[in-house]
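Chemist: sequence and predicted model, in that order:
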Amino acid sequence: MVGLFLAGLVTHGGLQGWWVAPVLSRLDEWPLFFSSLLLSTFNDNASITFLASMVPTMMESPTLQQAIVAGAITGGGLTVIANAPNPAGQVLLARFFKEGISPIRLFLGALPPTLVAVACFRLL
């Protein structure tokens, strides 16, 4: 399954370069970090970093590379739908939560550690 995901990422991601490169090449370090963080709450981290690797200026700047990867890693904890084990885990654990599993409560629970990770990646 992972192999099929990565094959699809390379196949379909390569077709996205026409709009990804102009958008990402306009962003500096901080906006790039927060854009990556926001996008990785809805998409898989691998797709964010792969699309960023298609931008020529990204490959020339270690600072921008660090910003995109740090943002993708940091925002990954805020998502439930981007990775297959998360919905499967919800199905398995739902019986232990009487009120059900709330996406809003999951988001709010993940927010404090995400803010700590933002502080670690951006301020240290």
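Modeler: Yes, it's here. Numbers count the residues shown, from 1 in each chain.

Chemist: how about low-confidence regions in this structure?
Modeler: 79-86 (pLDDT under 70).

Chemist: any idea which residue is closest to the centre of it?
Modeler: residue 40 (2.0 Å; C-alpha atoms, centre = their mean).

Chemist: any idea how far that residue lies from residue 69?
Modeler: 10 Å (C-beta to C-beta, to the nearest Å). In this view, the C-beta of every residue, glycine as well, is placed from N, C-alpha and C.

Chemist: same check, this time on residue 96
Modeler: 34 Å.

Chemist: neighbour count: these two, which is higher?
Modeler: residue 69 (17 against 7; other C-beta atoms under 10 Å).

Chemist: what residues are up against the residue nearest to the centre of the chain?
Modeler: Counting by C-beta atoms under 8 Å, 6 or more residues apart in numbering, residue 40 touches 48, 71-76, 78-79, 82.

Chemist: what do you get if the cut-off is 10 Å, keeping everything else the same?
Modeler: Taking C-beta atoms under 10 Å, 6 or more residues apart in numbering as the criterion, residue 40 is in contact with 46-49, 68, 71-79, 82.

Chemist: check what contacts the top helix by length along the chain and list those residues.
Modeler: Longest helix in the chain by number of residues (criterion: DSSP state H): helix 103-123. Helix 103-123 has contacts (C-beta under 10 Å, 6+ apart) with 29-30, 33-34, 37, 41, 66-67, 69-71, 73-81, 86, 90, 97, 99, 102.

Chemist: assign residue 27 to helix, strand or coil.
Modeler: With DSSP: H, G, I helix; E, B strand; the rest coil as the basis, residue 27 sits in coil.

Chemist: contacts only, for it.
Modeler: Contacts of residue 27 by C-beta under 10 Å, 6+ apart are 33-36, 52, 55, 57-58, 64, 67-68.
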